[in-house]
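In: here's my sequence, what's the structure:
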Amino acid sequence: MQAILLTIVLAPLAGSIIAGLFGRQVGRSGAHWAAIAGVSISLLLSLLVFKQMVFDGAAPFNENIYTWFEIGPYSAHIGFLVDRLSVMMMVVVSFVSLMVHIYTIGYMHDDPGYQRFFSYIALFTFSMLMLVMSNNFLQLFFGWEAVGLVSYLLIGFWFKRPTAIFASLKAFLVNRVGDFGFLLGIACVFLYFGTLDYATVFAGREQIIGQHIEIFAGQPWAVATVIGVLLFIGAMAKSAQVPLHVWLPDSMEGPTPISALIHAATMVTAGIFMVARMSPLYELSEPALAFVVVIGATTALFTGLIGLVQYDIKRVVAYSTLSQLGYMTVALGASAYSAAVFHLMTHAFFKALLFLTAGSVIIAMHHEQDMRYMGGLKKYLPITYWTALIGTLALTGTPFFSGFYSKDAIIEAVAIAAEHGGSAFSYAYWCVLIGVFVTALYSFRLLYLTFHGQERFVVQASAGHVQADAHAEPIPGVLARAPHESPLVVTIPLLLLAIPSLMIAWWSVGPMLFGDFFGASIVVDESHNVLGELAGEFHGALPAALHGFTQAPFLLAFAGFALATYLYLIHPPAAAMVRRWLAPAVRILERKYGFDEFNQAVFARGSLWLGRGFWKVGDIGLLDGAMVNGSANLIDRAAGVLRTIQSGHLYHYAFAMILGLIALLGAFLIPGLWQQ
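Out: Modelled structure (predicted):
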């Protein structure tokens with residue numbers, strides 16, 4: 001088993017090294033084949049391990065591979081914990097990554113950084129696998145930081161664009177804020193448990209019950225709460241929860257394949273996976289769970305609303321990702337960890353599908369991303385359209401589609417938690433319920449503006465337009481040639497992702513949500529077992545889907561679909577009228593609630609002013625003024641005084657020698673006289 005797990009992790013790393021360091025020698029085709037081969041090996045072996053654990057009943061694997069370092073009684077190891085939770089993540093990560101790798105061949109075909117891009121995305125896969133397979137906090141932190149580093153490189157991949165550089169720096173800095181809390185949480189774990197090994201920490205979790213720590217004098221906090229909140233601050237940045245969500249929409253500056261990889265199954269889901277893995281610790285703290293559920297609910301509703309006013313096709317899907325991550329976080333706060341991870345899995349497939357269909361549209365529109373210059377693309381891109389429709393129906397929670405089973409389970413679990421008491425859970429329930437309507441509205445808005453209605457673009461040949469400067473900026477809505485379906489290397493991943501988006505939950509909902517699929521991987525106290533209560537109402541995938549047609553989530557989703565159909569398909573002028581009526585709210589949403597402006601004004605400018613202050617006081621005042629220039633001036637003045645003594649007259653020097661002799665004798669004789 002150890003050799004198989006090492007191969008799963010190292011195969012993408014080998015592909016990354018070949019594509020990155022030997023890209024010129026192996027060429028473009030050699031680079032993509034090396035990266036694809038590495039990820040394919042990971043997928044096949046992950047499926048083998050999945051079969052052994054799920055179908056053959058193999059025991060979880062938890063062993064250290066080698067010792068990283070030892071300091072006195074403490075040691076750090078590289079090791080793997082592979083149970084049903086991590087093996088499910090391994091399959092999802094490697095499958096989605098493989099689809100993105102194949103898709104990249106078509107999308108990045110003409111890009112000069114072709115080999116570099118394949119090196120980065122293979123390295124991304126390696127980093128994520130190290131994260132989900134780790135058996136200790138230190139290795140988890142390594143994978144955590146590695147995906148952050150590679151995401152910085154990929155978001156800023158087109159480094160000649162100022163917007164891409166800004167977006168990559170924004171992502172990097174915001175994640176460092178979250179990672180500060182995450183690192184403090186790990187430090188607290190080490191302080192109170194004396195180890196960073198998962199199994200040891202979880203086995204001894206009861207030893208921190210009743211222990212308190214004073215962060216502020218006179219205000220004791222439960223240790224379990226402090227650990228849970230600090231670790232979740234890391235998840236807030238990595239999984240883009242309010243207010244540390246601001247980096248994710250700007251990550252759209254990177255190429256579309258990495259948008260799919262970041263948003264679907266890698267970086268943004270790392271925080272969700274981490275909290276689920278830490279369920280034994282979170283179950284010890286009600287305040288930490290309440291904090292998690294409030295942050296998730298706020299993210300689920302209020303970031304989804306921003307998607308209603310976006311026109312960039314990728315940004316609409318990006319805000320959808322923020323909202324769906326909020327749903328997963330709400331499930332974590334409600335102790336429905338299995339529902340959160342289940343939605344993570346289904347979301348990975350249909351969100352990757354939606355991003356890749358958006359990329360297919362962008363290819364057809366010659367890299368135009370504004371939906372106001374699209375429309376009527378259904379007849380030009382039939383495969384892209386039908387796969388996008390499947391992804392949309394899954395996202396909106398339509399019964400029988402994968403998203404229905406996972407999203408409805410979260411809503412029902414939160415409803416049960418709200419019945420048990422707690423204003424936080426009541427707030428979360430209404431947020432996720434209203435979010436269903438919002439999700440359907442912006443999802444079908446995207447579908448209609450892109451694929452239906454009147455064509456809002458022109459082709460140069462038919463419009464008689466000839467661009468004078470071949471290197472000039474493209475004119476919005478003016479295409480050099482008519483749109484056409486993407487090549488097979490692009491459409492095949494769409495078809496392969498559409499299958500699990502449609503069917504994966506049909507056979508997995510029972511064991512994953514209401515069975516014992518995750519076993520001891522997830523720990524839920526009996527008082528928090530909302531999914532256990534919900535299990536009594538589950539009688540199979542088919543009855544659940546049929547019953548779903550009569551429930552509030554479907555009715556709200558249908559209302560969103562109906563409104564979007566009227567505003568953007570039947571009577572489009574009504575959309576502009578509604579936008580004018582709601583102009584104040586639209587402006588708030590377009591400004592994204594002022595988060596970017598606040599960060600720019602307070603943190604960016606504040607840091608700049610603080611830096612200038614330190615520069616003037618420290619660099620100019622202390623270093624240059626006092627230490628460098630000051631010491632030089634002091635020596636110069638002292639030399640000026642001493643220079644006056646050098647008169648050249650012999651009697652001056654003799655007088656100075658007599659004074660020195662008197663001072664020397666005084667130094668020896670006077671203390672003796674005082675003693676007498």
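In: CA-only coordinates of stretch 575-589 in CSV, if you can.
Out: Extracted C-alpha coordinates of stretch 575-589, given in CSV (Å, rounded to 0.1, in the frame of the first residue of the first chain):
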residue,chain,number,x,y,z
ALA,A,575,-34.8,43.2,-17.1
ALA,A,576,-33.6,46.7,-17.8
MET,A,577,-36.7,48.1,-16.2
VAL,A,578,-36.2,46.1,-13.0
ARG,A,579,-32.6,47.1,-12.9
ARG,A,580,-33.6,50.8,-13.0
TRP,A,581,-36.3,50.2,-10.2
LEU,A,582,-33.7,48.6,-8.0
ALA,A,583,-30.8,50.9,-8.9
PRO,A,584,-29.7,51.5,-5.3
ALA,A,585,-29.5,47.8,-4.6
VAL,A,586,-27.8,47.2,-7.9
ARG,A,587,-25.1,49.7,-7.1
ILE,A,588,-24.4,48.1,-3.8
LEU,A,589,-24.1,44.7,-5.5
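In: who touches it?
Out: Applying C-beta atoms under 8 Å, 6 or more residues apart in numbering, the contact partners of stretch 575-589 are 305-306, 308-309, 567-568, 594. Quick note: C-beta positions are derived from backbone N, CA and C, even for glycine.
In: please repeat the previous calculation with a cut-off of 7 Å.
Out: For stretch 575-589, contacts defined as C-beta atoms under 7 Å, 6 or more residues apart in numbering pick out 305-306, 308-309, 567-568.
In: so what's the residue count around the residue nearest to residue 358 when sequence neighbours are not counted?
Out: Distances taken as C-beta to C-beta, 6 or more residues apart in numbering put residue 313 closest to residue 358, at 4.9 Å, once the chain neighbours are dropped. The number of residues packed near residue 313 is 26, by other C-beta atoms under 10 Å.
In: and if you look at residue 111?
Out: Neighbours of residue 111 under the rule other C-beta under 10 Å: 15.
In: tell me the phi and psi of it?
Out: Phi and psi for residue 111, reported as degrees, to the nearest 10, are phi -80, psi 140.
In: also residue 244?
Out: For residue 244, the backbone dihedrals (degrees, to the nearest 10) come out as phi -90, psi 30.
In: doesn't residue 238 make contact with it?
Out: No - contact criterion C-beta atoms under 7 Å: residue 244 and residue 238 do not qualify, at 8.7 Å.
In: what do those two both touch?
Out: Jointly contacting residue 244 and residue 238 under the rule C-beta under 7 Å, 6+ apart are residue 178.
In: ok, those two, which is more surrounded?
Out: A direct count of neighbours by other C-beta under 10 Å for residue 244 and residue 238 places residue 238 higher, at 28 against 23.
In: which elements pack onto the strand or helix carrying residue 444?
Out: Assigned by DSSP states H and E, residue 444 falls within helix 423-451. Identification of packing neighbours for helix 423-451 by 3 or more C-beta pairs under 7 Å, 6 or more residues apart in numbering; DSSP states H and E yields helix 286-306, helix 313-333, helix 382-395, helix 402-419, helix 552-565.
In: nearest to residue 117, out of those helices?
Out: Ranking the helices and strands packed on helix 423-451 by proximity to residue 117 (C-beta to C-beta) places helix 313-333 first, at 17.1 Å.
In: number of residues surrounding the closest residue to residue 21 other than its chain neighbours?
Out: Closest residue to residue 21 apart from its sequence neighbours, by C-beta to C-beta, 6+ apart: residue 119 at 8.0 Å. Residues lying near residue 119 (other C-beta under 10 Å) number 25.
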